[in-house]
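>>> What shape does this take:
(chains A, B, C and D)
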Amino acid sequence: MTTAPEPTLWSTADMARRAAREIPAGAIVNLGIGLPTQVGDYLPDGHAWLHSENGLLGIGPFPYEGDEDPNLINAGKQTITVVPGGATFDSAASFAMIRGGHIDLAILGAMQVSAAGDLANWAVPGGKIMGIGGAMDLASGCRHVIAMMQHVTKKNEHKLVRTCDYPLTAARVVTLVITDLGVFQPTGDGFRVVELAPGVSRDYAQARTGAPLG
Amino acid sequence: MTTAPEPTLWSTADMARRAAREIPAGAIVNLGIGLPTQVGDYLPDGHAWLHSENGLLGIGPFPYEGDEDPNLINAGKQTITVVPGGATFDSAASFAMIRGGHIDLAILGAMQVSAAGDLANWAVPGGKIMGIGGAMDLASGCRHVIAMMQHVTKKNEHKLVRTCDYPLTAARVVTLVITDLGVFQPTGDGFRVVELAPGVSRDYAQARTGAPLG
Amino acid sequence: MTGRHANKVVASVAEALAPMRDGMTVLVGGFGLSGNAEALIRGVIERGVRDLTIVSNNAGNLGKGLALWLKAGIVRKVICSYIGNNDDLHTRRASGEIAVEITPQGTLAERMRAAGAGIPAFFTPTGAGTVVEDGKETREFDGRRYLLERALHGDVALVRAHTADRFGNLRFWRTARNFNPVMATAARLTIVECDHLVELGALDPDDVHLSGIHVHRIVHVPEHENAFEYRTVRKRP
Amino acid sequence: MTGRHANKVVASVAEALAPMRDGMTVLVGGFGLSGNAEALIRGVIERGVRDLTIVSNNAGNLGKGLALWLKAGIVRKVICSYIGNNDDLHTRRASGEIAVEITPQGTLAERMRAAGAGIPAFFTPTGAGTVVEDGKETREFDGRRYLLERALHGDVALVRAHTADRFGNLRFWRTARNFNPVMATAARLTIVECDHLVELGALDPDDVHLSGIHVHRIVHVPEHENAFEYRTVRKRP
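Model prediction:
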């Protein structure tokens, strides 16, 4: 019996780079806290407009040392800058943009994504409640939602599943899932394989996915 | 039989001057189109803040000749100025102020006011429909509503009535009525006489009022 | 692959209005003749579209502004708050040529604010106990009566701004602001006519009245009539 | 006879907070530690009120901001969107000392916007099909599911502004704006702590972020800590 060589899974940088390719020029994008925030590092200057739900459209790079302003932060409370053409507004206006469908794309971290595109990313059953923040508004309000996550948990449990058993953030909203194994599209019955990381076979991915790959 | 001398009724200037006395220092006031707008002429500088529903708090006097700006107007589309401390905003924010109860007082023209404080001021039955404008928002949203009008129509019909037969602007909102005969307060059953113009007797006023004066 | 927010500045009114089609619902900023997108309003007639539903506080006046559309016969329906002495609208309403739906001004603004903010319906006290209630759901909250009003969306919004940058961040001038920002949020396609066009970064982030997220096409129109309705003045001392 | 809008500027935090009472619902601006009314927050503890319900996106963090109230034991309930690593709230929630109601952030903002705008209730898509739906009325509009959410009013709002004039016209700085303006509209009594106090007329009418109609007391506090949560930087080239 031969053992297939272990594939080289995507690093978080690979995932962020891949996610950046999904962003059209001139798009309005909200990058969730954590891994999705890194996607911004792979966007050419001026390519897209990054929205921060605490009240800014036009997030720039981190400030130079010494230029940090504690009253200029992103939704993850990191100090940031504003690009030329950026604008500030209040929370009601910011979430009106989100709920009103004015954000083209949200890229959000995820705990589980179902074959129907349901997203669970705010609470672990039995775990400490961290809160909802802007997750539900972003997931249900943005025109497209990309979920970014490791393909399985640290205990090798499936995260791409038939039906989420974690509390939902929003139902039927995820249009694409980017993991360390590749890119997958919820189809209702399962997930369509859009792309696989180098050396990842369909069987390898299927074994780690809780719904049929198509 | 002796005939009582005809009383001297209040002029519109008298009515405006009397209405101005109802405005506390530092009040936020919306003066309706027409006669109520004149009330502003009898307020000391800086006494109150005048709101214009098209998007300004802090209406100043008419501009000096040559300073008129067609994009700085009141709700009656007259050219105006802004007092120091005035601020502009959009229509949604302006009506949020009105609906949200942030305007202390509206002084509005009226066609009929009922004993219950119902206001009719936007349409004559069978007449040409001029529209509602901000009248319903102001009448139902402001904390207090003063109606200003001639006490009777040109045909000597009552305008202070038991029940309005003109289409309502809002129900149970008028707290005071100022007419050329005096000042009257709707009580539910009728109108309490607060003040009468010089020489106007209670009988004279009662004969011209469609509900009991108390 | 290019999103909706690239290259918004167009060279002409005709190019700005190219996506307009017959039968569209058009939100038109302005209060009376103040804050009107004058060149876009004229351009729509040249564009040749018809059967329009217009949402506007006044739908023109004194034969100017949207009165041009009424006279050109390209309007099927008007949703407004006030007709007043807009005789072009009175006559066409009386003849049945144009349907007119009159809405309280604040409800008109809030219905578009709701549309822009993803709120399909809301309760409001305005119009309770009046003819505005007819055909609408009512409900009491804490002993007061409210109506359920629905969001009002537009296919296109025609907006007049004082200053725009190339992303469409807008500033308005005095009471020319009025319905312009809220209409910009409520339409699928928002077209802005600006007096001044500036580069990205010329506006401080805190000085923007309306984010360019709500703007899709921008045309720079330096000259405007800015018609007066009532020129009221006082003598210089 | 003096209205609510005369003589708003007070000399001290204590004077500004004098109307506060036990059991009040207090809306407190800020997102994390940005845009916090730091002196008013400290002053409430000195004021000695308790049993407060606080509405805040985060209710403090890192032991700062509203975490001071949590530690002082003057809070009965928190309505927030996110706890995160606010351990002062986690421990008091776990012990049952403080009730915590978690609301989606946009719904939190919109409920206060509704309160300020006289809207008692509105439908929203946020939370449909989730636990947020529990106990709420739902309805479909055009085939999509929405929840009915109620307006959220405060007795008092504590607001941080960058600049205030003596009427309370406000300007905010960058993302310190966040919940401050909408909370100012939603409370019966809005108390503002400003970095800069200017005379009437110093702000151009078009440069005001929030009209002083929503402000009732103003205290000038020139110095602030403005704590960082995550100081992220890049190297200078």
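>>> Tell me what angle the longest helix seen in chain C forms with helix D:105-117.
With DSSP state H applied, the helix covering the greatest number of residues in chain C is identified as helix C:105-117. Interaxial angle, helix C:105-117 versus helix D:105-117 (axes from the mean of the first three to the mean of the last three CA atoms, to 10 degrees): 170 degrees.
>>> contacting residues around whichever helix or strand comes after helix C:105-117?
For helix C:105-117, the succeeding helix or strand toward the C-terminus, using DSSP states H and E, is strand C:121-124. Outside strand C:121-124, the residues that touch it by CB atoms under 8 Å, 6 or more residues apart in numbering or on different chains are B:99, C:106-107, C:110, C:114, C:139, C:141, C:146-151, D:114, D:118-123, D:141, D:146. All C-beta spots, glycine's among them, are computed from the backbone N, C-alpha and C.
>>> Could you pull out the helices in chain A for me?
A:12-20, A:91-99, A:135-141, A:202-207.
>>> right, so of these, which gets closest to residue B:44?
Taking CB to CB as the measure, those were each checked against residue B:44, and helix A:91-99 came out nearest at 36.4 Å.
>>> is that closest one anywhere near chain B?
No. If you take CB under 8 Å from any CB of the partner chain as the test, helix A:91-99 misses chain B, and the best it gets is 10.3 Å.
>>> quick one: average confidence on the longest helix of chain C?
If you average the pLDDT over helix C:105-117, you get 98.
>>> just the CA coordinates of it, formatted as CSV?
What follows is helix C:105-117, C-alpha atoms only, in CSV (Å, rounded to 0.1, in the frame of the first residue of the first chain):
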residue,chain,number,x,y,z
GLN,C,105,-43.1,65.3,3.6
GLY,C,106,-41.4,63.5,6.5
THR,C,107,-42.9,60.2,5.5
LEU,C,108,-41.6,60.7,2.0
ALA,C,109,-38.1,61.3,3.3
GLU,C,110,-38.3,58.4,5.8
ARG,C,111,-39.6,56.0,3.2
MET,C,112,-36.5,56.7,1.1
ARG,C,113,-34.2,56.6,4.1
ALA,C,114,-35.7,53.2,4.9
ALA,C,115,-35.0,52.0,1.3
GLY,C,116,-31.4,53.1,1.5
ALA,C,117,-31.0,51.5,4.9
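>>> That helix vs helix A:91-99, what angle?
Orientation of helix C:105-117 against helix A:91-99 (the same axes, to 10 degrees) gives an angle of 60 degrees.
>>> one step back: of the helices of chain A, which is nearest residue C:72?
helix A:91-99 (34.7 Å).
>>> which strands and helices sit next to that closest one?
Packing contacts for helix A:91-99, counted by 3 or more CB pairs under 8 Å, 6 or more residues apart in numbering or on different chains; DSSP states H and E, involve strand A:49-52, helix A:135-141, helix C:105-117, helix D:105-117, helix D:180-186.
>>> May I see the ones you listed organised as JSON lines, with mean neighbour count added?
Formatted as JSON lines, the helices and strands packed on helix A:91-99 follow (neighbours: other CB atoms under 10 Å in any protein chain shown):
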{"stretch": "strand A:49-52", "mean neighbour count": "26"}
{"stretch": "helix A:135-141", "mean neighbour count": "30"}
{"stretch": "helix C:105-117", "mean neighbour count": "28"}
{"stretch": "helix D:105-117", "mean neighbour count": "28"}
{"stretch": "helix D:180-186", "mean neighbour count": "30"}
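>>> Between those, which one is closest to residue D:10.
Set against residue D:10 and scored by CB to CB, the helices and strands packed on helix A:91-99 come closest in helix D:180-186, at 16.4 Å.
>>> strands paired with the following helix or strand past the closest one, and their directions?
Following helix D:180-186 in sequence order, the next helix or strand is strand D:187-198 (DSSP H and E). Strand D:187-198 pairs in its sheet with strand D:154-165 (parallel), strand D:217-220 (parallel), by DSSP bridges.
>>> Name the residues that touch strand D:187-198?
With CB under 8 Å, 6+ apart as the contact definition, strand D:187-198 has outside contacts at D:9, D:13, D:16-17, D:19, D:27, D:37-40, D:153-166, D:168, D:170, D:173, D:183-184, D:214-222, D:224.
>>> Just the buried ones from the residues you listed?
Among the contacts of strand D:187-198, those classed as buried by neighbour count (16 or more other CB atoms under 10 Å in any protein chain shown) are D:9, D:13, D:16-17, D:27, D:37-40, D:153-166, D:168, D:170, D:173, D:183-184, D:214-221, D:224.
>>> hey, C-alpha coordinates of stretch A:51-65 in CSV?
Extracted as CSV, the C-alpha positions of stretch A:51-65 are listed here (Å, rounded to 0.1, in the frame of the first residue of the first chain):
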residue,chain,number,x,y,z
HIS,A,51,-15.3,49.7,4.7
SER,A,52,-15.0,49.6,8.5
GLU,A,53,-18.4,49.3,10.2
ASN,A,54,-17.4,51.6,13.0
GLY,A,55,-17.7,54.4,10.6
LEU,A,56,-15.2,54.7,7.7
LEU,A,57,-15.1,54.0,4.0
GLY,A,58,-11.5,54.0,2.7
ILE,A,59,-9.2,52.2,5.2
GLY,A,60,-5.6,52.8,4.5
PRO,A,61,-2.5,50.9,5.7
PHE,A,62,-1.4,50.9,9.3
PRO,A,63,0.1,54.3,10.3
TYR,A,64,3.8,54.9,10.5
GLU,A,65,5.2,54.5,13.9
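>>> Could you give me the buried positions within it?
Across stretch A:51-65, burial judged by 16+ other CB under 10 Å covers A:51-60, A:62-63.
>>> Please narrow these to those residing in strands.
A:51-52, A:56-60 (DSSP state E).
>>> Grab the nearest non-local neighbour of the residue of chain C found nearest chain B.
Residue nearest to chain B within chain C (CB to the nearest CB): residue C:106, separated by 3.1 Å. Taking CB to CB, 6 or more residues apart in numbering or on different chains as the measure, residue C:106 lies nearest to residue B:95, with 3.1 Å between them; neighbours along the chain are not counted.
>>> My read is that that neighbour contacts residue C:103, right?
No. Contact criterion CB atoms under 8 Å: residue B:95 and residue C:103 do not qualify, at 11.6 Å.
>>> These two: who's more crowded?
Residue environment comparison for residue B:95 versus residue C:103 gives the larger neighbour count to residue B:95, 29 against 24, counting by other CB atoms under 10 Å in any protein chain shown.
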